[in-house]
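Q: Just to be clear, the model below is a prediction. Sequence and coordinates:
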Amino acid sequence: MTLERDRLQAQCAEATDLDLARILTVDRSDAVEALVQEATRELERRQLTVETILNRVQVRVGAADAADATIAQACSLISDSVPLHAVAAVSHALDETMVLQREGWGWVFHHYDGDNYGDSYLIEEDERAVEVLDSFLRMQPWQPLAGDPDHIDNWETLAHTEEAQVVVEAAQRLTAAGIIHLVRSPLFTPEGDSHVSLLVPQPDKEAAEEALGISRRSLRQLKKEAQALAKTQNRQAELEVYEQLARIDPSNGAVHYNHGVVHLEMDHPEEALLCFLEAAAPTLGHLPEKPEPPLPALPVRPIL
């Protein structure tokens, strides 16, 4: 027993402050009691506490550089004075990060382990949001407080545009209708992609479209109008229709492709290429920062 205690004592003496804090928090349920006791004694010898070690976090607000903060300072980011759609990232010493995003209905917490996105959590009340963040930063069980996990990649895109005000106004209407939603800013997109997106959970898509006045009927009507205009020489009117369609039916590759064809016919090669890349985005990945103009060929419009 003495040999085992000597071994554990040596192990803890060589451990970093953070290693000791890990033993007493996230690894505690898997650690033998003798190791927990020795880690506690080693912290006492160093005149440290777990709370002192963990009370060093990093906060990054928007695109600003990260700054050191206390847990209390990090939790103060959760406030009704925070602008809508603002984003902040809070990281603790074990390289886990919680990205906080305020929407009109509440908060979205995106959890990352290192650079790997895990899940998102929808939290309507500020008080519970503070409780979740505080537990996360203290390395205490926080998932039960956060509720059921969600995955934003499974949400539906209602709008995808570089016109941020269009998305902001649509988000306001969804808030008024009581519909959960998320504005994805360029902070979440690859470098060079300045699109802003409006996302909703799959089950809420129909209600969200109704709240925004986007119906299947209106889409069909716009598509018929676009097809009719394609037979005329009124390219400006056709372009305006496709700009509407691109905003309200952003996942339709044919819309973006035809949008590009119209730009090409109007001698807008750079705008055309952006539309063609948007149409191919699911297979090409993110858009290049400075795309080259396409060759001046006139592709045939596919059926919408």
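A: Everything's here; your move. Only a predicted model underlies this, so the values are computations on that prediction, with no experimental measurement involved.

Q: Go ahead and confirm Ala34 touches Asp6.
A: No: between Ala34 and Asp6 there is no contact under C-beta atoms under 8 Å: 11.4 Å. C-beta here means a position set from N, CA and C on the backbone, and glycine is covered the same way.

Q: Show me which of these two is the more surrounded one.
A: Each of Ala34 and Asp6 has its neighbours counted (other C-beta atoms under 10 Å); Ala34 has more, 14 against 10.

Q: ok, that one to Gln221 distance?
A: 74 Å (C-beta to C-beta, to the nearest Å).

Q: Leaving out the residues flanking it, which one is nearest to Ser79?
A: Asp126 (7.0 Å; C-beta to C-beta, 6 or more residues apart in numbering).

Q: wait, isn't the one you found in contact with Asp80?
A: Yes: counting by C-beta under 8 Å, Asp126 does reach Asp80; the two are 6.6 Å apart.

Q: In contact with the residue nearest to Arg46 when sequence neighbours are not counted: list those residues for me.
A: Of all residues not flanking Arg46 in the chain, Asp17 sits nearest, at 7.0 Å (C-beta to C-beta, 6+ apart). Asp17 makes contact with 43, 46, 48, 53, according to C-beta atoms under 8 Å, 6 or more residues apart in numbering.

Q: What about those residues, which are in strands?
A: Secondary structure from DSSP state E places none of the contacts of Asp17 in strands.

Q: Select only the buried ones of the residues you listed in ChimeraX?
A: To isolate the buried members of those in ChimeraX, using 16 or more other C-beta atoms under 10 Å:
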select :43,53
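
Q: State the pair within the contacts of Asp17 that is farthest apart.
A: Arg46 and Ile53 (9.7 Å; C-beta to C-beta).

Q: Show me what counts as buried in the worst-scoring helix or strand of the chain on mean pLDDT.
A: For the chain, counting by mean pLDDT, DSSP states H and E, helix 216-229 ranks last in confidence among helices and strands (a mean of 73). Neighbour counts over helix 216-229 (16+ other C-beta under 10 Å) mark 219, 222-223, 225-226, 229 as buried.

Q: would you turn the residues you listed into TSV with distance to Glu169?
A: As requested, those are exported to TSV (distance: C-beta to C-beta, whole Å):
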residue	distance to Glu169
Leu219	19
Leu222	19
Lys223	23
Glu225	23
Ala226	24
Leu229	26
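
Q: rewinding a little: comparing Asp126 and Asp80, which residue is more hemmed in?
A: With neighbours defined as other C-beta under 10 Å, Asp126 and Asp80 compare such that Asp126 has more, 15 against 6.

Q: Could I get the contacting residues of the more buried one?
A: Neighbouring residues of Asp126 by C-beta under 8 Å, 6+ apart: 78-80, 107.

Q: Pro186 versus that one, what's the distance?
A: Distance check for Asp126 against Pro186: by C-beta to C-beta, it reads 26 Å.

Q: which SS class is Ser79?
A: The three-state assignment at Ser79 reads coil, by DSSP: H, G, I helix; E, B strand; the rest coil.

Q: Quick check: it vs Gln11, distance?
A: Ser79 is 43 Å from Gln11, by C-beta to C-beta.

Q: which one of those two has more residues nearby?
A: Each of Ser79 and Gln11 has its neighbours counted (other C-beta under 10 Å); Gln11 has more, 15 against 11.

Q: Please give the centre-to-centre distance between the helix or strand where that one lies and its chain.
A: Using DSSP states H and E, Gln11 falls within helix 2-14. Averaged C-alpha coordinates place helix 2-14 at 44 Å from its chain's average position (C-alpha atoms, centre = their mean, to the nearest Å).
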